[in-house]
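**Q** make a model of this:
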Amino acid sequence: MRFLGLGLVDVVPDANTIWTFREALKEAAAIGGLFQRFDAALRASGFLAMSGQIADATIVAEPKQRTTSA
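**A** A predicted model of the protein is given here:
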């Protein structure tokens, strides 16, 4: 959300809209050029994107730890 500048109340496209847009980019043979420009923008900002990486932001509940003084 921070990367895209979105807030909790902002409207975002659903998965079908994103899929349809991606398919249109594929048909126009535009994906490769867009990713090259995106990679260049990331590098200019000091980031390095490596292919094949997945970021997982899963939040998992952890049991409360009770500490007692002896």
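
**Q** quote the end-to-end distance of stretch 50-59.
**A** Taking Cα to Cα, to the nearest Å, stretch 50-59 runs 24 Å from one end to the other.

**Q** so what's the model's average confidence on that stretch?
**A** What stretch 50-59 shows for mean pLDDT is 70.

**Q** same question, stretch 4-24
**A** 90.

**Q** can I get the CA coordinates of that stretch in PDB?
**A** Below are the C-alpha coordinates for stretch 4-24, written out as PDB (Å, rounded to 0.1, in the frame of the first residue of the first chain):
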ATOM      1  CA  LEU A   4       1.600   2.500  -4.400                       C
ATOM      2  CA  GLY A   5       0.600   5.400  -2.200                       C
ATOM      3  CA  LEU A   6      -2.700   3.800  -1.300                       C
ATOM      4  CA  GLY A   7      -4.700   4.400   1.900                       C
ATOM      5  CA  LEU A   8      -7.200   2.100   3.600                       C
ATOM      6  CA  VAL A   9     -10.200   3.900   2.100                       C
ATOM      7  CA  ASP A  10      -8.800   4.000  -1.500                       C
ATOM      8  CA  VAL A  11     -10.600   2.100  -4.200                       C
ATOM      9  CA  VAL A  12      -8.500  -0.600  -5.800                       C
ATOM     10  CA  PRO A  13      -9.200  -2.700  -8.900                       C
ATOM     11  CA  ASP A  14     -10.400  -6.300  -8.300                       C
ATOM     12  CA  ALA A  15      -8.400  -9.400  -9.500                       C
ATOM     13  CA  ASN A  16     -10.400  -9.700 -12.700                       C
ATOM     14  CA  THR A  17      -9.700  -6.100 -13.700                       C
ATOM     15  CA  ILE A  18      -5.900  -6.600 -13.100                       C
ATOM     16  CA  TRP A  19      -6.000  -9.900 -15.100                       C
ATOM     17  CA  THR A  20      -7.800  -8.300 -18.000                       C
ATOM     18  CA  PHE A  21      -5.300  -5.400 -18.100                       C
ATOM     19  CA  ARG A  22      -2.300  -7.800 -18.000                       C
ATOM     20  CA  GLU A  23      -3.800  -9.800 -20.800                       C
ATOM     21  CA  ALA A  24      -4.200  -6.600 -22.900                       C
END
